[in-house]
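[1] Any chance you can model this:
(one chain, ligands or ions: 3)
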Amino acid sequence: MGEFELIQRYFRPLSHNRGSEALVLGIGDDCAVQRIPQGRDLVFSIDTMVEGVHFPTRYAPEKLAWRALAAATSDLAAMGANPVCFTLALTLPEPGEPWLDAFAKGLATASKAFGIALAGGDTTRGALSLSIQVHGTVPCGEAITRSGAQGGDLVCVSGTLGDAAGALRYLDSEIGGSDVSALLDRYHHPVPRLELGEALIGVASAAIDVSDGLIADLGHILASSDVGAEVDVYRLPLSSALKRLAGERAVEFALHGGDDYELCVTLPPGKWDELDESVRSALTVIGRIEERAGLRASGTGQQELVNLSGFDHFRSVK
Ligand SMILES: Nc1ncnc2c1ncn2[C@@H]1O[C@H](COP(=O)(O)OP(=O)(O)O)[C@@H](O)[C@H]1O
Ligand SMILES: Cc1ncc(C[n+]2csc(CCOP(=O)(O)OP(=O)(O)O)c2C)c(N)n1
Ligand SMILES: [Mg+2]
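    Ligands and ions are numbered 1, 2, ... in the order given. A predicted model of the protein is given here:
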């Protein structure tokens, strides 16, 4: 099967699976065309996933497609953007039909679930890796950034943290049980918090998605906003599965693990009461923004958390 036949067979059908009418022209031309409605800004971001780094070697292609699209789309959620379309640059060693069948099926399921349509891409031969560029829109000037946090703001996170990191040791293991399955599901099927992100427009002072670990990602908000924070580690939302399986290490996974794809959000306390109950119940307050720089664990005096960083691809070569 040649490159063009492969695209026609596996990827072109997905182009019709549109998230919105905003995709004027999809797969098949030199570029795709997206129409930006008046009064909205285009929000876009790219993320790469490499075999053995972001996903296990010989990873199930359906899971790979979901995980890669979820991770990329999660950046739109963090900005409060409504997803529209994405491009996919896929490098693969062999164009195996069963692999491509399963990959395209996983991609179709994920793109439907997140309301984002495949608009185009690039297919090349080489070591397995994928780059996904996602496009979304927000009302003009309303994108939630990392730089708006202010002293006194609440620090909140969605869902539970640490599950995907806790799952890493079970990826190749024979160990079963409902707790292990629950953690593995968080690794294989992360869900970008798109509705939550959109609901936080005009409410959140800053937001980021937790891909590298809470400490690292909250650290990005603090650095961009030129503030500090105090976090109560006892208030970190942990799943019962993680608590049972990881015991005392659960907090460590929640703080440093990454791959959560939850949102970490700051907002003025007055806005908390104005939030819809559905939005409030999706969030856990874990601390406060402070004017003093640094990230501290509350209840432990001066204990600094900021030096304990999350995932960094180049840390070992620094
Ligand atoms: N190779 C690059 N060229 C230009 N900008 C980059 C590059 N790599 C990362 N960035 C930018 O650095 C910022 C942080 O990137 P990253 O940590 O990957 O964010 P995220 O966790 O949201 O994916 C983003 O604004 C991203 O666009
Ligand atoms: C097989 C495997 N899967 C997942 C991980 C964990 N992991 C790999 S990269 C990463 C951080 C996120 O990746 P990055 O490229 O920094 O994403 P971005 O911040 O750009 O969204 C994490 C937590 C791992 N160590 N091994
Ligand atoms: Mg990135």
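[2] Tell me how far whatever residue of the stretch 101-250 of the chain ends up closest to ligand 2 lies from L218.
    When scored by Cβ to the nearest ligand atom, the stretch 101-250 of the chain has S211 as its residue closest to ligand 2, at 3.6 Å. The C-beta positions use only the backbone N, C-alpha and C, and glycine is treated the same way. To L218, S211 is 12 Å away according to Cβ to Cβ, to the nearest Å.
[3] who's more crowded, these two?
    Higher neighbour count among S211 and L218: L218, with 29 against 22, using other Cβ atoms under 10 Å.
[4] pLDDT wise, what is that one at?
    Turning to L218, the model gives it a pLDDT of 97.
[5] Show me what the nearest residue to it once chain neighbours are set aside is bridged to.
    Nearest residue to L218, sequence neighbours excluded (Cβ to Cβ, 6 or more residues apart in numbering): C264, at 5.3 Å. Under DSSP bridges, the beta-bridge partners of C264 are V157, I208.
[6] hang on, isn't C264 packed against L222?
    No: in this structure, C264 is not within contact of L222 by Cβ atoms under 8 Å, at 10.6 Å.
[7] circling back: could you tell me which residues make contact with the residue of the stretch 101-250 of the chain closest to ligand 2?
    71, 74, 217, 258-261, 311 (Cβ atoms under 8 Å, 6 or more residues apart in numbering).
[8] now it, what's its secondary structure?
    Following DSSP: H, G, I helix; E, B strand; the rest coil, S211 is assigned to coil.
[9] can you tell me how far it sits from H220?
    When S211 is compared with H220 (using Cβ to Cβ), they lie 10 Å apart.
[10] Which one of the residues in this protein is closest to ligand 2?
    Taking Cβ to the nearest ligand atom, the chain has G258 as its residue nearest ligand 2, at 2.8 Å.
[11] so when I look at that residue, I'm seeing a helix, right?
    No: using three-state DSSP, the secondary structure at G258 is coil, not a helix.
[12] tally of neighbours for it?
    G258: 22 neighbours (other Cβ under 10 Å).
[13] what does P98 give?
    8.
[14] give me the element it is part of.
    Element membership for P98, per DSSP states H and E: helix 97-114.
[15] buried residues in that helix?
    Within helix 97-114, the residues that count as buried by 16 or more other Cβ atoms under 10 Å are 99-100, 102-104, 106-111, 113-114.
[16] Rebuild these as a markdown table, extending it with pLDDT and distance to C156.
    Formatted as a markdown table, the buried residues of helix 97-114 follow (pLDDT from 0 to 100; distance: Cβ to Cβ, whole Å):
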| residue | pLDDT | distance to C156 |
| --- | --- | --- |
| W99 | 95 | 40 |
| L100 | 95 | 41 |
| A102 | 96 | 37 |
| F103 | 97 | 35 |
| A104 | 96 | 37 |
| G106 | 97 | 31 |
| L107 | 97 | 32 |
| A108 | 95 | 33 |
| T109 | 96 | 30 |
| A110 | 97 | 26 |
| S111 | 94 | 29 |
| A113 | 96 | 24 |
| F114 | 96 | 22 |
